[in-house]
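Undergrad: sequence and predicted model, in that order:
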Amino acid sequence: MKTNKVLFTFIFSFVSILSLQAQTAYEAIRYAQNTIGGTARSMGAGGAFGAVGADFGGISINPAGLGLYRRSEITVSPVLNTVTNEATYYGTKSSESNYNFAMSNFGLVINNNRPPREKPTGIVTSSIVLGVNRLNSYFDDRYISGFNTDNSLVDRYTQNAQGTAPELLSDFGYDLYQAGFLNAYDDNGEYFYDNPLLGNVQQREANTVTGGMNEFVMGFGANYEDRLYFGATLGIPYFAYDSVSEYQEEDSENNYTDSFQSLSTNESLNVNGYGFNGKFGVIFRISNAFRLGGALHTANYLRLNEEFRENQEAVIVNTNVLETVYSPTYQNYFNYRLRTPGKAVLSATYFYKKLGLLSVDYEYVNYSKARFESALDGALADKDFFAGLNQEIDNSFKGASNLRIGVEVAPKIFRVRAGYAFDGNPQENSALQTGRHTFTAGAGVRGKKVSLDIAYNTSRESYTQSLYGLASGSNAATVKNQRNNLVATFALRLR
């Protein structure tokens with residue numbers, strides 16, 4: 001059984017080496033996508049506030065909305081988030097749920113309103129803004145379990161050896177060959193490999209994620225002759241992403257009683273970052289009933305700091321005695337830069353007298369334009385790694401359209417809202433992920449100086465999750481994700 005002990009020691013070493021670069025193409029998309037955030041008013045109407053204006057939640061969509069303020073305002077919006085994931089893996093279904101609290105926004109708008117005139121000329125009003133909007137919540141909790149009849153984590157290493165002569169294998173592959181665990185077959189100089197661990201293991205994965213992306217906003221907007229509204233903001237996004245994962249596979253049916261009982265891997269990833277962006281927008285009032293808006297968002301220029309940890313443990317059989325083999329804990333730090341793609345937004349809003357509104361926003365984002373860059377003092381090896389990663393982004397992702405539709409009914413001081421949002425699938429392979437559908441509803445009371453609004457939204461999407469990567473073969477679970485948010489906004493208008 002000494003051979004088995006050597007085998008798992010090398011497995012642990014190789015797993016860690018593969019994980020040293022925690023950056024992936026999917027990480028770039030994670031920080032490029034936003035969810036519906038801001039105030040309860042904008043959230044309740046599906047986030048379709050690009051041409052409505054005078055709402056703090058809409059400023060991160062179109063800063064021209066600042067030009068529609070007539071008074072100064074303070075807003076604060078706490079939010080309750082819940083998540084449920086239902087996974088199906090080799091016919092076994094499992095479910096996991098969780099919840100947390102966060103702050104959706106806190107903002108101050110200071111308005112400078114000129115005395116009214118018979119006919120508005122020049123700059124009628126102007127406003128400056130300071131505050132924070134929540135752009136995305138990374139909060140998640142997932143559990144996957146099933147009996148894999150096809151493959152094992154060890155198959156990943158066997159596949160990497162295919163076609164290579166034993167003496168040309170990596171150090172890890174050659175050690176497996178020397179240990180007798182990789183069986184080599186020579187077919188006229190072309191080598192093929194297999195291993196005795198042929199699946200039939202119980203596998204489990206648990207993953208918990210916390211964190212989110214917020215944006216500190218400061219900007220200026222103005223109203224020109226009650227016809228043209230324009231604005232610009234400087235955004236300072238800052239975020240934290242913390243992920244803890246545990247993977248385990250075990251010989252639950254005693255198929256490998258003379259060698260193997262279980263193998264587990266524990267990983268943690270902690271990322272924090274900050275950056276800057278710019279947003280520029282206009283709203284044009286065609287008539288009292290109809291407005292059109294447009295906005296351009298520059299790329300997010302982010303600086304990221306990352307810490308990755310991993311350790312493994314195996315329980316093997318050594319001369320009929322169970323023996324636990326540990327790997328050392330690998331801990332690595334990375335500093336790098338990320339440029340997420342910019343965004344274009346077109347908006348239209350129709351007002352029916354003073355009884356309500358119907359609003360539509362359309363966004364386009366080309367996710368294939370996301371780019372990793374090494375730190376300014378990065379080595380050539382880092383630059384080569386990120387060049388390959390950027391090529392993977394080009395090949396794996398595409399442009400996507402996002403649609404938001406919202407309605408608000410306003411009988412006297414009361415408000416009732418509903419909305420729908422669709423975020424397009426950023427992946428070239430549409431089988432890996434569906435678009436995200438979000439349904440929203442809300443209500444509120446609006447007085448002359450004080451308003452209180454609540455909103456609820458629920459979103460659904462499906463995706464595939466691989467427990468470990470294989471060059472061929474499949475070990476992916478199907479996950480149905482549902483997120484629910486309940487937000488309340490208190491607003492105080494001054495002067």
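TA: Great, that's in hand.

Undergrad: which residues does stretch 141-153 contact?
TA: Residues from elsewhere that reach stretch 141-153 (C-beta atoms under 8 Å, 6 or more residues apart in numbering): 15, 83, 85, 87, 89-92, 94-98, 197-209, 247, 249, 252, 263, 265, 465, 467-468, 470, 473-475, 477, 479. For glycine as for every other residue, the C-beta is placed from the backbone atoms N, C-alpha and C.

Undergrad: now list the buried members of those.
TA: Neighbour counting with 16 or more other C-beta atoms under 10 Å marks 15, 83, 85, 87, 89-90, 92, 94, 96, 98, 197, 199-209, 247, 249, 263, 265, 465, 467-468, 470, 475, 477, 479 as buried within those.

Undergrad: among the contacts of stretch 141-153, which ones are in strands?
TA: 83, 85, 87, 89, 92, 94-98, 201-209, 247, 249, 263, 265, 465, 477, 479 (DSSP state E).

Undergrad: return the set of buried residues in stretch 346-353.
TA: By 16+ other C-beta under 10 Å, the buried positions in stretch 346-353 come out as 346-349, 351.

Undergrad: out of those, which are inside strands?
TA: Using DSSP E, the members of these that fall in strands are 346-349, 351.

Undergrad: okay, how far is it across stretch 113-132, tip to tip?
TA: Start and end residues of stretch 113-132 are separated by 24 Å (C-alpha to C-alpha, to the nearest Å).

Undergrad: quick one: buried residues of it?
TA: Residues of stretch 113-132 classed as buried by neighbour count (16+ other C-beta under 10 Å): 124-129, 131-132.

Undergrad: quick revisit: closest to residue 47 among the buried residues of stretch 346-353?
TA: residue 347 (10.9 Å; C-beta to C-beta).

Undergrad: from the buried residues of stretch 346-353, which is closest to residue 57?
TA: Of all the buried residues of stretch 346-353, residue 57 sits closest to residue 347, with 13.6 Å by C-beta to C-beta.

Undergrad: so what sits opposite that closest one in the bridge?
TA: Beta bridges link residue 347 to residue 293, residue 361, judged by DSSP bridges.

Undergrad: let me know whether it touches residue 47 as I believe.
TA: No. Using C-beta atoms under 8 Å, residue 347 and residue 47 do not qualify as a contacting pair, with a distance of 10.9 Å.

Undergrad: overlap of the contact sets of those two?
TA: 61, 361.

Undergrad: re the thing from before, dump the buried residues of stretch 113-132 to a markdown table, plus secondary structure.
TA: Listed next are those as a markdown table, based on DSSP: H, G, I helix; E, B strand; the rest coil:
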| residue | secondary structure |
| --- | --- |
| 124 | strand |
| 125 | strand |
| 126 | strand |
| 127 | strand |
| 128 | strand |
| 129 | strand |
| 131 | strand |
| 132 | strand |
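
Undergrad: and the furthest pair within these?
TA: Spatial extent of the buried residues of stretch 113-132 (C-beta to C-beta) is set by the pair 124 and 132 at 28.0 Å.

Undergrad: how near is residue 152 to residue 312?
TA: As judged by C-beta to C-beta, to the nearest Å, residue 152 and residue 312 stand 14 Å apart.

Undergrad: tell me which residues in stretch 301-313 are buried?
TA: 301-304, 306, 308-313.

Undergrad: cool, and stretch 50-61?
TA: By neighbour count on 16+ other C-beta under 10 Å, the buried set for stretch 50-61 is 50-61.

Undergrad: wait, which of the residues you listed is closest to residue 459?
TA: Nearest to residue 459 among those is residue 57, at 16.6 Å by C-beta to C-beta.

Undergrad: and that closest one, what helix or strand is that in?
TA: helix 56-59 (DSSP states H and E).

Undergrad: in the stretch 201-350 of the chain, which spans are helices?
TA: In order along the chain, the stretch 201-350 of the chain carries no helices (DSSP state H, counting those that start in this stretch).

Undergrad: what about the strands in it?
TA: Secondary structure of the stretch 201-350 of the chain (DSSP state E, counting those that start in this stretch): strands located at 201-224, 228-250, 260-285, 290-297, 300-318, 321-326, 330-340, 343-352.

Undergrad: hmm, back to that, show me which of the buried residues of stretch 50-61 is closest to residue 165.
TA: For the buried residues of stretch 50-61, the nearest to residue 165 is residue 60 (56.9 Å; C-beta to C-beta).

Undergrad: what residues are up against the closest residue to the closest one other than its chain neighbours?
TA: Distance criterion C-beta to C-beta, 6 or more residues apart in numbering; nearest residue to residue 60, sequence neighbours excluded, is residue 133 at 4.6 Å. When contacts are counted by C-beta under 8 Å, 6+ apart, residue 133 is found next to 37-38, 56-57, 59-60, 104-105, 107, 214-215, 217.

Undergrad: how about a markdown table for the residues you listed, with distance to residue 24 and pLDDT added?
TA: A markdown table is the format used below for those (distance: C-beta to C-beta, whole Å; pLDDT from 0 to 100):
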| residue | distance to residue 24 | pLDDT |
| --- | --- | --- |
| 37 | 25 | 79 |
| 38 | 29 | 83 |
| 56 | 34 | 93 |
| 57 | 31 | 89 |
| 59 | 32 | 92 |
| 60 | 27 | 90 |
| 104 | 28 | 92 |
| 105 | 30 | 91 |
| 107 | 34 | 94 |
| 214 | 23 | 94 |
| 215 | 24 | 93 |
| 217 | 29 | 94 |
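
Undergrad: closest one to residue 229 out of those, please.
TA: Of the contacts of residue 133, the one sitting nearest to residue 229 (C-beta to C-beta) turns out to be residue 59, at 12.1 Å.

Undergrad: that closest one contacts residue 130, correct?
TA: No. With contacts counted by C-beta under 8 Å, residue 59 stays clear of residue 130, the gap being 10.6 Å.

Undergrad: quick check: neighbours shared by these two?
TA: The contact sets of residue 59 and residue 130 overlap at 107, 217 (C-beta under 8 Å, 6+ apart).

Undergrad: give me the below-cutoff pLDDT ranges for the stretch 151-300 of the chain.
TA: Within the stretch 151-300 of the chain, the segments meeting pLDDT under 70 span 170-181.

Undergrad: what does the stretch 351-495 of the chain give?
TA: For the stretch 351-495 of the chain, applying pLDDT under 70 flags the ranges 376-381, 431, 471-474.

Undergrad: and with 90 instead?
TA: Applying pLDDT under 90 to the stretch 351-495 of the chain flags the ranges 353-354, 374-386, 427-435, 467-476, 494-495.

Undergrad: show me where it has its helices.
TA: Secondary structure of the stretch 351-495 of the chain by DSSP H, counting those that start in this stretch: the helices cover 380-396.
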